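Colleague: Kindly generate the corresponding structure for this input.
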Amino acid sequence: MSLQFTIPLEQASQKPQLDLAYDRVFSYLVDKGRITTQFNRDSKTVTSKLVNLFSDLDEATQDAFASEKDCLTYFSSETIFQTLLKRPGAAKKTMLGKYTDPVIQSWSQLNKQFPKNNTHIGHAVQVMTRIVQIDLPAIRKALQKCRADGDSLKHKKDEQTRSAQTFLREYEDARKAIGAIDGVDLHTALDLQTPQIPIILAKTILTRLSQNRPFQDALQLYVRFVVSTINDNKNKQSQIGPKTVLQSIQTLLKIPVSTLTAIEQRKPPQIQKPKSSKSSGIHDITEIVDTTGVIEVIDDEDNHPSKLEGENHIMRLINPRDRSALIRDLIELNGFLDQRLFEMESIEGSHQKRLQSTATGASGLDSTDLFVPINRLTEMKNAVEWAIDGFKDSKLEQLMLIKNSQSYVSRMIQQIETLKENAERMEILADKTQQLVDGSRSNLREQERSLKSSIDKVKQLSKQIETAINALPNQDKHVRITSLPTD
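Modeller: Next up, the predicted model:
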């Protein structure tokens with residue numbers, strides 16, 4: 001049967017109120033003699049029985065009182081006992097007043113034994129103190145860790161998502177740079193880039209050599225210097241003509257401007273998806289079949305006129321050896337200008353003034369004079385360096401490698417495909433991290449529920465303990481428990 005602790009309202013209002021911090025309640029009970037020296041032994045006995053009885057309950061009943069499992073007290077025992085009594089036939093008793101159901105009888109005996117020597121109050125105070133001083137700090141610490149872990153995981157997931165987007169954008173940019181579209185393999189796209197080489201070369205020759213007066217003056221100066229230096233030698237067998245100096249450069253300057261302009265204006269073939277599988281009968285479309293299907297390479301007939309005058313000299317530059325020879329000649333010319341600049345800057349006094357005065361207003365070179373003023377030499381040198389930069393252009397070099405090196409093409413394709421693989425890998429990692437984020441959020445919600453449940457339990461226990469203490473015989477003060485956690 002249940003024990004009821006009541007106190008008349010009028011009597012309670014007449015007692016002076018005593019506010020006790022939760023951690024002072026137990027010592028107050030000891031000081032007042034409400035708890036005896038046998039408390040520890042009695043508490044251990046009854047709490048052991050309580051734990052055993054709870055563990056023997058059916059699973060459904062244990063689930064119903066899951067929140068009480070880690071903080072079982074006499075008040076929990078009373079609640080469970082009253083719940084068990086509501087079962088059909090549970091309240092039946094023998095003629096001696098015992099319950100016929102052994103489970104009910106065990107709980108009844110425990111609830112009669114618990115209040116002996118106020119063990120039920122002391123034990124409840126200890127449970128309440130443990131929750132406040134141990135359980136709640138542990139839960140708050142776990143909450144803090146959950147929040148930190150969740151923030152860290154979310155940051156990690158955002159970084160992985162950004163990395164995946166970056167890799168994917170770089171992959172798309174790389175494909176776009178080589179003209180690849182959906183349904184076109186990278187090998188085909190790269191092969192169709194190489195027709196740009198003669199176009200780039202023609203433009204470079206036209207703008208940086210043929211139509212560049214300072215460059216031509218630099219070449220003329222060097223040719224005169226070499227011819228005059230070598231031909232001063234009395235040995236006629238060693239004498240050379242002007243056309244033999246830097247032949248690779250002079251050969252390019254002989255290409256007609258009309259040829260260079262025509263090649264520069266050519267349009268490279270473009271890749272397009274087929275609009276129809278039917279053939280039009282016109283042979284200006286080349287079909288290239290790869291593993292992904294049929295694509296169209298639009299290549300107008302006008303792009304392939306008969307060989308123009310001097311065009312073969314441009315096409316020879318596609319050969320790495322011929323292009324390297326050209327660049328060496330340009331560097332040789334640039335080195336000569338460096339030396340001339342050094343010599344001219346060393347000249348002092350009137351000779352330098354004379355040279356500068358004779359150069360005033362001159363737009364070309366005197367065919368008999370090897371001396372050129374510093375400002376004109378600087379202009380020539382800049383023109384030669386500009387020409388070198390044109391033939392060493394990074395895009396041109398890449399196209400040359402695509403044209404001439406299968407291993408470079410393979411490495412390039414592998415690099416592009418690696419970008420896609422990295423994007424896919426980062427997307428997978430981001431998905432896995434998101435699962436961890438979701439788990440962290442779930443754990444956080446669980447910890448928040450546990451914190452609220454523990455605080456509610458402390459509040460409930462404090463009220464039950466207050467009621468039990470104030471109902472004790474000869475209780476001269478109305479006890480109120482304070483300093484309880486609020487959140």
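Colleague: List the contacts of the host helix or strand of residue 40.
Modeller: The secondary structure element spanning residue 40 is helix 39-55 (assigned by DSSP states H and E). Around helix 39-55, the neighbours that count as contacts under C-beta atoms under 8 Å, 6 or more residues apart in numbering are 62, 65, 69, 72, 74, 76-77, 80, 103, 106-107, 110, 113-114, 116-117, 119-120, 122-123, 126. Where you see a C-beta, it was placed from the backbone N, CA and C, and this is true even at glycine.
Colleague: One more: stretch 442-450?
Modeller: So stretch 442-450 is contacted by 139, 142, 143, 146, 147, 150 (C-beta under 8 Å, 6+ apart).
Colleague: C-alpha coordinates for the helix holding residue 40, PDB please?
Modeller: Included here for helix 39-55 are C-alpha records, laid out as PDB according to Å, rounded to 0.1, in the frame of the first residue of the first chain:
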ATOM      1  CA  PHE A  39      21.500   4.600   6.700                       C
ATOM      2  CA  ASN A  40      24.300   3.400   4.500                       C
ATOM      3  CA  ARG A  41      23.500  -0.200   5.300                       C
ATOM      4  CA  ASP A  42      19.800   0.200   4.900                       C
ATOM      5  CA  SER A  43      20.100   2.200   1.800                       C
ATOM      6  CA  LYS A  44      22.400  -0.300   0.100                       C
ATOM      7  CA  THR A  45      19.900  -3.100   1.000                       C
ATOM      8  CA  VAL A  46      16.800  -1.500  -0.400                       C
ATOM      9  CA  THR A  47      18.400   0.000  -3.500                       C
ATOM     10  CA  SER A  48      19.800  -3.300  -4.400                       C
ATOM     11  CA  LYS A  49      16.300  -4.900  -4.200                       C
ATOM     12  CA  LEU A  50      14.900  -2.000  -6.100                       C
ATOM     13  CA  VAL A  51      17.400  -2.400  -9.000                       C
ATOM     14  CA  ASN A  52      16.800  -6.200  -9.100                       C
ATOM     15  CA  LEU A  53      13.000  -5.800  -9.100                       C
ATOM     16  CA  PHE A  54      13.200  -3.200 -11.900                       C
ATOM     17  CA  SER A  55      15.400  -5.500 -14.000                       C
END
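Colleague: mean confidence for it?
Modeller: Confidence for helix 39-55, expressed as mean pLDDT, is 93.
Colleague: about what we covered before: of the contacts of helix 39-55, select the buried ones using a PyMOL command.
Modeller: This is the PyMOL syntax for the buried subset of the contacts of helix 39-55, where burial follows 16 or more other C-beta atoms under 10 Å:
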select buried, resi 72+74+76+77+80+103+106+107+110+113+114+117+119+120+122+123+126
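Colleague: Please parse this protein into its domains.
Modeller: 9-146+442-482, 186-423 (automatic domain parsing).
Colleague: the helices in the stretch 1-150 of the chain, which residues?
Modeller: Defined through DSSP state H, counting those that start in this stretch, the helices belonging to the stretch 1-150 of the chain, from first to last, are 9-14, 25-31, 39-55, 59-64, 74-85, 102-113, 119-130, 136-177.
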